[in-house]
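A.B. asks: I need the structure of the sequence given here:
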Amino acid sequence: MSNPVFTSGVTPGGLTSDYEIRLAICYLLWKLNRPLTFEQINDCFQFDGLLNYFEFSQALQQLQDMGHIQKESTGEDQARYRLTGQGVQAAAEFEHSIPLSVREKAVQAGQQMLLREKRLRDNRVEYHKVEDGYQLNIRLSDFGSDLMRLSVFFATEEECLQAKRRFFEDPPAVYAGIMQALCGGPEEA
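C.D. replies: Residues are numbered from 1 along each chain as shown. Presented below is the predicted three-dimensional model:
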């Protein structure tokens, strides 16, 4: 039988049993199919208030103790957790024990987080103060070669930071827009 959990910070429809929380963690790792750090997993659930932070911490440790997840060092700053065969089996077998809305929100948050991390890893955006404003330098990379290097002047740091944020929201759209402006589109053919 499930133990009662702390519900502070949990939105209506969020998880309220330790059993559901453990299953949700397994389900998320199963669907994203990659090892994640403590913070990454937690962020996927905290974004929409799907569960309590303290209960999450306890459930992660319980899953490790039970052999459903395994903590691995990758030589990076933080250890990552990966699903074991037991964890995969539990996630696949009992996924419908977790409300659909929770499953969808957690996986969507995880996919968005991984996409943001990929964008930060694959693209470089830096800015620095120049005599009369700020210079924003963007480098959009692909397999080996840079697709684009762009340097843009902004009068204020606020404008520069806004452009940086907008670029990271959708780098391919920014690139497509610039290519459209430079090369024209179907309507010009």
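A.B. asks: now stretch 26-45: buried residues?
C.D. replies: Residues of stretch 26-45 classed as buried: 26-30, 32, 35-36, 40-42, 44-45 (neighbour count, 16 or more other CB atoms under 10 Å). (Each C-beta comes from the backbone N, C-alpha and C, glycine too.)
A.B. asks: middle-most residue in the chain, spatially?
C.D. replies: The geometric centre of the chain, computed from its C-alpha atoms, lies nearest to Met113 (CA atoms, centre = their mean), at 1.1 Å.
A.B. asks: spell out the residue ranges of the helices in the protein.
C.D. replies: 18-32, 38-46, 53-66, 85-94, 100-122, 157-169, 171-183 (DSSP state H).
A.B. asks: extract the C-alpha trace of the first one and format it as CSV.
C.D. replies: Listed next in CSV are the C-alpha coordinates belonging to helix 18-32 (Å, rounded to 0.1, in the frame of the first residue of the first chain):
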residue,chain,number,x,y,z
ASP,A,18,4.8,7.4,-3.5
TYR,A,19,4.0,4.5,-5.9
GLU,A,20,2.8,6.9,-8.6
ILE,A,21,5.8,9.1,-8.2
ARG,A,22,8.2,6.1,-8.6
LEU,A,23,6.3,4.9,-11.7
ALA,A,24,6.4,8.4,-13.2
ILE,A,25,10.1,8.7,-12.8
CYS,A,26,10.6,5.3,-14.5
TYR,A,27,8.1,6.3,-17.2
LEU,A,28,9.9,9.6,-17.9
LEU,A,29,13.3,7.9,-18.2
TRP,A,30,11.8,5.2,-20.4
LYS,A,31,10.2,7.7,-22.8
LEU,A,32,13.1,10.0,-23.0
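A.B. asks: same question for that helix, mean pLDDT?
C.D. replies: Throughout helix 18-32, pLDDT has a mean value of 92.
A.B. asks: list the contacts of it.
C.D. replies: 2-3, 5, 15, 35-36, 41, 44-45, 50-51, 55-56, 58-60, 62-63, 68-69, 81-83, 87-88, 90-92, 94-95, 97-98, 102-103, 106-107, 110-111, 114 (CB atoms under 8 Å, 6 or more residues apart in numbering).
A.B. asks: and that helix with helix 100-122, angle?
C.D. replies: With axes from the mean of the first three to the mean of the last three CA atoms, to 10 degrees defining the directions, helix 18-32 sits at 40 degrees from helix 100-122.
A.B. asks: ok, the second one next?
C.D. replies: With the same axes, to 10 degrees as the criterion, the two stretches helix 38-46 and helix 100-122 enclose an angle of 140 degrees.
A.B. asks: Thr37 contacts Ala79, correct?
C.D. replies: Yes. Using CB atoms under 8 Å, Thr37 makes contact with Ala79 at a distance of 7.1 Å.
A.B. asks: which ones are touching Leu114?
C.D. replies: When contacts are counted by CB under 8 Å, 6+ apart, Leu114 touches 32, 34.
A.B. asks: which residues are in contact with Asp43?
C.D. replies: Counting by CB under 8 Å, 6+ apart, Asp43 touches 109, 113.
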